[in-house]
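**Student:** sequence unavailable; structure follows:
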């Protein structure tokens, strides 16, 4: 998509330290803005308010934030990936007037789906009315942020997107600390945190509408477009649902087990597992940032060159040379980023005892932290490989891989949790390891067979002709069977 990628290419090619750092920072926000927002805010607020508000109130606030981000991410994932695809189609067809209706249509579906999830959680855990109301508002707002962020991929105002997150984070931090200081408890902290989220949402949405100022003549148009897109790209929608659920399912298993603990609001969590795994998940962000930069800059240039060679009727030798350059560059850079990821995770593994002591965690969480860091290496490979498959419209493979990851994460976590405490985190690590291996092999084969996929395998004309031929054959055999 145009926009952020275009601006990242400009920054990365200035070849100055400040421009490289700026490009990396903006890529990190695009890749994991809400993720960074959540983890940094929770860590800072916990550190500053635990002695003021008390552990019980802070634990309740922290769990409500985790649930809000978790339920909104999983339930809006099908909406965001379908909306992203439809926005890409609109830009490709030079129909920017389709983007504002898509934005508001995606907002409507996100509110509906997240609202149903929040309602189910409130019925299951029965939090006090004030907490339930605050939790609902925060969850729906986070759902809208996920949607707005996916549309920001088409916006050239990368600085405005980053600034929106920074302003919202600052207000959320100051507001939550102030609420704790004035003894407003978990409800007050949640309300102030939600105000910060509101500023982020307004900032992101204004950036999109400023870039695409076209009106919305029919308020139902975007809702219909997202619904039609879900039918057309159902592989993507289901894949995103299983993929995001796979990221959270190991936490859900721990919450539902004997390890889970209940907070005052009624929600359950597993602090011994959650805190270590959330810290471990931070190490994947530098690699994701580097991958987004490569994806939106050098990879995209070679990707466009390959298809431009085909469009300009290049020879088979020229097309093959372009394919080979695209494949070697992409896989080589993926390997280099993975090596850097291994180094970062190695530092985390070696310094785990010191980190646990500094953050006032339990020493029995060291093993969980280390397994989480190992899993992060392979989760990055899985995310990168499956993302590359989408560039070549391999939707069925994408769905199959996300389903594989979900099933493995669920079953491996269930098996390892039945063992002793030494195996906590092993399920997540094994699920990432196996899934990443399969995803990388399929991505490698996709690049190797790219010419076939382009001209035959993914060619809609060929698929349509094949479908017509099969229909005619089926009709012939049916008539033959009736006559016999």
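**Tutor:** Looks like it arrived, so ask away. As the structure is a prediction and not an experimental result, all values here were calculated from the model.

**Student:** give me the domain ranges for the protein.
**Tutor:** Domain assignment for the chain, taken from automatic domain parsing, gives 1-232, 272-448.

**Student:** of all those domains, which one is nearest residue 264?
**Tutor:** Nearest to residue 264, of all the domains of the chain, is domain 1-232, at 4.9 Å by C-beta to C-beta. Every residue, glycine included, has its C-beta placed from N, CA and C.

**Student:** and the domains of the chain, which one is worst for confidence?
**Tutor:** With a mean of 81, domain 1-232 has the lowest mean pLDDT of those.

**Student:** could you list the buried residues of stretch 355-372?
**Tutor:** Of all the residues in stretch 355-372, those buried under the rule 16 or more other C-beta atoms under 10 Å are 355, 356, 361, 365, 366, 367, 368, 369, 370, 371, 372.

**Student:** can you name the helix or strand that the fifth one falls in?
**Tutor:** Put plainly, it is residue 366. Using DSSP states H and E, residue 366 sits in helix 366-391.

**Student:** and that helix, how far from the chain's centre?
**Tutor:** Distance, stretch centre to chain centre, for helix 366-391: 12 Å (C-alpha atoms, centre = their mean, to the nearest Å).

**Student:** following that helix, which helix or strand comes up?
**Tutor:** Downstream of helix 366-391, the first helix or strand assigned by DSSP H and E is helix 395-417.

**Student:** buried stuff in the helix or strand that residue 159 is a member of?
**Tutor:** In this structure, residue 159 sits in helix 158-181 according to DSSP H and E. The neighbour-count check on helix 158-181 (16+ other C-beta under 10 Å) flags 158, 160-162, 164-165, 168-169, 171-173, 175-177, 179-180 as buried.

**Student:** and that helix, what other elements does it pack with?
**Tutor:** helix 4-12, helix 17-53, helix 55-92, helix 185-211 (3 or more C-beta pairs under 8 Å, 6 or more residues apart in numbering; DSSP states H and E).

**Student:** got the buried residues for the third one?
**Tutor:** This means helix 55-92. If you call a residue buried by 16+ other C-beta under 10 Å, then helix 55-92 has these buried ones: 57-87, 90-91.

**Student:** helices or strands up against that helix?
**Tutor:** Here helix 55-92 touches helix 17-53, helix 99-125, helix 129-151, helix 158-181, helix 185-211, helix 221-232, helix 234-256, strand 268-269, going by 3+ C-beta pairs under 8 Å, 6+ apart.

**Student:** output the ones you listed in JSON lines; the columns should cover distance to residue 419.
**Tutor:** As requested, the helices and strands packed on helix 55-92 are exported to JSON lines (distance: least, C-beta to C-beta, whole Å):
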{"stretch": "helix 17-53", "distance to residue 419": "28"}
{"stretch": "helix 99-125", "distance to residue 419": "28"}
{"stretch": "helix 129-151", "distance to residue 419": "34"}
{"stretch": "helix 158-181", "distance to residue 419": "38"}
{"stretch": "helix 185-211", "distance to residue 419": "34"}
{"stretch": "helix 221-232", "distance to residue 419": "40"}
{"stretch": "helix 234-256", "distance to residue 419": "13"}
{"stretch": "strand 268-269", "distance to residue 419": "21"}
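
**Student:** nearest to residue 333, of the ones you listed?
**Tutor:** helix 17-53 (13.9 Å).

**Student:** any idea how far residue 69 lies from residue 266?
**Tutor:** Distance, residue 69 to residue 266, by C-beta to C-beta, to the nearest Å: 18 Å.

**Student:** thinking again about what came up before, minimum distance to residue 262: which of the domains of the chain has it?
**Tutor:** Here domain 1-232 is closest among the domains of the chain (C-beta to C-beta), at 8.5 Å.

**Student:** work out the gap between stretch 422-429 and the centre of the chain.
**Tutor:** 22 Å.

**Student:** so which of the helices and strands packed on helix 55-92 comes closest to residue 277?
**Tutor:** Closest among the helices and strands packed on helix 55-92, using C-beta to C-beta: helix 234-256, at 7.2 Å.

**Student:** still on that earlier bit, helices or strands up against the helix holding residue 366?
**Tutor:** Other elements packing on helix 366-391 under the criterion 3+ C-beta pairs under 8 Å, 6+ apart are helix 271-281, helix 285-294, helix 316-350, helix 352-358, helix 395-417, helix 426-448.

**Student:** burial measure for residue 332, as a count.
**Tutor:** 10 (other C-beta atoms under 10 Å).

**Student:** go on, residue 93?
**Tutor:** Residues near residue 93, counting by other C-beta under 10 Å: 9.

**Student:** spit out the contact partners of it.
**Tutor:** The contact partners of residue 93, by C-beta atoms under 8 Å, 6 or more residues apart in numbering, come to none.

**Student:** quick check: the gap between it and residue 99.
**Tutor:** 11 Å.

**Student:** repeat that for residue 197.
**Tutor:** For residue 197 relative to residue 99 (C-beta to C-beta), the value is 23 Å.

**Student:** what of residue 225?
**Tutor:** Noted for residue 225: a distance of 10 Å to residue 99, by C-beta to C-beta.

**Student:** neighbour count winner among the two?
**Tutor:** Counting neighbours by other C-beta under 10 Å for residue 225 and for residue 99 shows that residue 99 has the greater number, 22 against 19.

**Student:** residues near the residue nearest to the more buried one when sequence neighbours are not counted, how many?
**Tutor:** By the measure of C-beta to C-beta, 6 or more residues apart in numbering, the closest residue to residue 99 outside its immediate chain neighbours is residue 212, 4.4 Å from it. Residues lying near residue 212 (other C-beta under 10 Å) number 20.
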